[in-house]
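> Whatever this is, show me its structure:
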Amino acid sequence: MASQKIFAGPRIRRIRNAKALTQTAMAQALGISPSYLNLIERNQRPLTVQLILKLASVYRVDPEELHGEAGASITALKEVFSDPLLAGELPGEHELVEVAEAAPNAAAALVKLYRAYREQAARLSDLSEMLAREGRATAISAARLPLDEVRETFERHPYHFPALEEEAEAFHHLLEPGEDLAGALKAWLKREHGIAVRVLPAATMPNWRRRYDRHSQRLFVSERLAEPDRLREIAMEACLMRMQVAIAAEIETLKLASNEARRLARFELGRYAAQALMMPYQAFLAAAERARYDIGVLAARFRVSFEQAASRLVTLAREGTSAVPFFLLEVDNAGNRLRRAGAEGFPASRFGGACPKLAVHAAFSEPGRVLVEAVAMPDGDAFLTLARTVEGPQAAFDERPRRTALLLACDLAHKDRLVYADALSAHAVDDPLPIGPACRLCERPGCLARAEPPVTRPLGLDEMVTGLSAFDFQ
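A predicted model of the protein is given here:
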């Protein structure tokens, strides 16, 4: 196999400048001509093995330093220029390579400055959230991607859309599905739009859950999806067609800033409408009350997944009904928050949701098991939480399966209406697990799970004392 050519012109130039040498003097020491050295420094000639050995012996240069020392800098610069503030500033990666090669110290300084900016932005965001919890509004904002805007909008908005609920009920009445909603939807799509539904093998649809081919009038669904997820994809496509006016009206009320954000919101509202169609409001609420909100029972009764039934519980906020006001958090095993929603909006100011002590993180060690806990915030607000892992599409033999965890919660005052409260002892109810909104906003001392110091307290730097927490503070 041919060896990779090494072009290290800027590095050779830095070595020469550091030693205050002219090209003629350095070329003489290396046994090459000044013109050849000039071509090397301009990356028009690669380094030969003999020249690398000569550099090592004459100038004590580590040969490894000549094998792509800018790689780490290029990776860090990619992170910098992926920020929404700088997105689109560079036409390609070649300029990043030039910056990292020609001015590595400047590149390192730029990365350091960007990371300081991100740290300050995070601190400002934390302080803004803390002030908001105290009822003091702030105007602090940061550059956001369209996805961030959509997520924040849905988190603030109660996860209930009356117009879509009415449309879904009317659609369900029109279909008269009986025990076969999937069959009724397929027949409706064929009759009203000439669309045939087909389930395709994973090899044919390696990257898609659902794909609508307008030319052939066929809706393809991946076989990797479980039956409830296939039904949701078919229902979503049907709802986006039948309810497009109602969905467009809801999107307008959200007042999103970009077309991309509106497109993402349309997808989210389409999924909402699909689940409203699969689990009609009145029937689902009545079943939930009878089953004391047992998600497993509801999933079996409506032939949906645990995730779908849990998500539907969050939407039960119709005026005049007395459903338990749940809120929901979904995370992956790296702790990334993927989704937050609530019947009254996600209570970020009261609950936060970023405490590492929450059972949603422990759920990954016990897949499929429902973990029930009573938890209390520093201000005394108490919640009943239940957490469970949910599985993504069926993975191939050589793939790692997608697994996330859901946390469903409500005020502890509603515990007697939930079957899950039966798993709590009297002690657990009277003395809930102490948690916080997030480590940066939590001042609980001696917390073994603390990942960051609070922004409201100075660090404790007493060399004679070491606390239980990884971050001592005064």
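> Residue 49 versus the residue lying farthest from the centre of the chain, what's the distance?
Using CA atoms, centre = their mean, the residue of the chain lying farthest from its centre is residue 28. It sits 57.4 Å away. Computed as CB to CB, to the nearest Å, the residue 28 to residue 49 distance reads 20 Å. For the C-beta atoms, the positions are set from N, CA and C on the backbone; glycine is no exception.
> go on, residue 178?
Residue 178 sits 78 Å away from residue 49, taking CB to CB as the criterion.
> Same question for residue 202.
Between residue 202 and residue 49 the computed distance is 48 Å (CB to CB).
> Which residue of these two possesses the greater neighbour count?
Using other CB atoms under 10 Å, the more surrounded residue of residue 202 and residue 49 is residue 202, with 16 against 10.
> mind listing the helices in the stretch 251-400 of the chain by residue range?
With DSSP state H, counting those that start in this stretch, the ranges of helices along the stretch 251-400 of the chain come out as 259-278, 281-290, 295-301, 306-313, 359-362.
> As CSV, those with mean neighbour count would be great.
Below are those laid out as CSV (neighbours: other CB atoms under 10 Å):
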stretch, mean neighbour count
helix 259-278, 20
helix 281-290, 17
helix 295-301, 18
helix 306-313, 23
helix 359-362, 20
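> Reformat these as TSV; add distance to residue 23 and mean pLDDT.
Rendered in TSV, the data for those read as follows (distance: least, CB to CB, whole Å; pLDDT from 0 to 100):
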stretch	distance to residue 23	mean pLDDT
helix 259-278	51	94
helix 281-290	79	95
helix 295-301	74	96
helix 306-313	66	96
helix 359-362	59	94
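> Which residues lie in contact with the closest residue to residue 276 other than its chain neighbours in this structure?
Nearest residue to residue 276, sequence neighbours excluded (CB to CB, 6 or more residues apart in numbering): residue 168, at 3.6 Å. Taking CB atoms under 8 Å, 6 or more residues apart in numbering as the contact definition, residue 168 lies against 239, 243, 273, 276-277, 280-281.
> cutoff 6 Å now
With contact taken as CB atoms under 6 Å, 6 or more residues apart in numbering, residue 168 is in contact with 273, 276-277.
> mind checking how far the nearest residue to residue 122 once chain neighbours are set aside is from residue 331?
Counting by CB to CB, 6+ apart, residue 122 lies nearest to residue 440, which is 7.7 Å off, once chain neighbours are set aside. Distance of residue 440 to residue 331, given as CB to CB: 17 Å.
> Per-residue pLDDT of residue 461, please?
Note for residue 461: predicted pLDDT of 67.
> repeat for residue 135
Listed pLDDT for residue 135 reads 57.
> Next: residue 101.
66.
> just the one 5 residues further on next, same as before
The pLDDT attached to residue 106 in the predicted structure is 75.
> burial measure for the nearest residue to it once chain neighbours are set aside, as a count.
Excluding its sequence neighbours, the residue lying closest to residue 106 (CB to CB, 6+ apart) is residue 99, at 7.2 Å. Using other CB under 10 Å, residue 99 has 19 neighbouring residues.
> Next, residue 99: secondary structure please.
helix (DSSP: H, G, I helix; E, B strand; the rest coil).
> shift numbering so it begins at 407
Sure, I'll start numbering at 407, so the last one becomes residue 505.
> Output the below-cut-off pLDDT ranges for this structure.
Residues of the chain meeting the criterion pLDDT under 70: 407-412, 470-480, 489-504, 506-510, 529-550, 867-868, 880.
> can you map out the strands along it?
For the chain, applying DSSP state E gives strands covering 602-606, 616-619, 624-628, 733-738, 743-748, 777-782, 788-797, 809-817, 839-840.
> What angle do strand 809-817 and the longest one make with each other?
For strand 788-797 against strand 809-817, the angle by axes from the mean of the first three to the mean of the last three CA atoms, to 10 degrees is 160 degrees.
> from the chain's centre, how far out does stretch 593-613 sit?
29 Å (CA atoms, centre = their mean, to the nearest Å).
> Enumerate residues external to that stretch that contact any of its residues.
By CB under 6 Å, 6+ apart, the surrounding residues in contact with stretch 593-613 are 592, 623-630, 640, 644.
> Could you rerun that using 10 Å?
With CB atoms under 10 Å, 6 or more residues apart in numbering as the test, stretch 593-613 has contacts from 577, 580-581, 583, 586, 588-589, 591-592, 614, 616-620, 622-631, 636, 639-640, 643-644, 647-648, 799-802, 805.
> tell me which residues in it are buried?
Residues 594-595, 601, 603, 608, 611 are the ones in stretch 593-613 that count as buried (16 or more other CB atoms under 10 Å).
> Show the end-to-end separation of it, please.
Start to finish, the residues bounding stretch 593-613 are 27 Å apart (CA to CA, to the nearest Å).
> Am I right that residue 800 is in contact with residue 632?
Yes. Here residue 800 reaches residue 632: they are 7.3 Å apart, a contact under CB atoms under 10 Å.
> Isn't residue 679 up against residue 687?
No. Here residue 679 lies out of contact with residue 687, judged by CB under 10 Å, at a distance of 11.9 Å.
> List every C-alpha atom in stretch 770-785, with coordinates, as PDB.
This file holds the C-alpha atoms of stretch 770-785, laid out as PDB (Å, rounded to 0.1, in the frame of the first residue of the first chain):
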ATOM      1  CA  PHE A 770     -31.600   2.300  31.500                       C
ATOM      2  CA  SER A 771     -30.200  -0.200  33.900                       C
ATOM      3  CA  GLU A 772     -33.600  -1.900  34.200                       C
ATOM      4  CA  PRO A 773     -35.100  -1.900  30.700                       C
ATOM      5  CA  GLY A 774     -38.800  -2.300  30.500                       C
ATOM      6  CA  ARG A 775     -39.400  -1.900  34.300                       C
ATOM      7  CA  VAL A 776     -41.600   1.000  35.600                       C
ATOM      8  CA  LEU A 777     -39.700   2.900  38.400                       C
ATOM      9  CA  VAL A 778     -42.000   4.900  40.700                       C
ATOM     10  CA  GLU A 779     -40.700   7.600  43.100                       C
ATOM     11  CA  ALA A 780     -42.000  10.500  45.000                       C
ATOM     12  CA  VAL A 781     -39.600  13.500  44.700                       C
ATOM     13  CA  ALA A 782     -39.400  16.900  46.300                       C
ATOM     14  CA  MET A 783     -37.900  20.200  45.100                       C
ATOM     15  CA  PRO A 784     -35.900  22.500  47.400                       C
ATOM     16  CA  ASP A 785     -39.000  24.800  47.700                       C
END
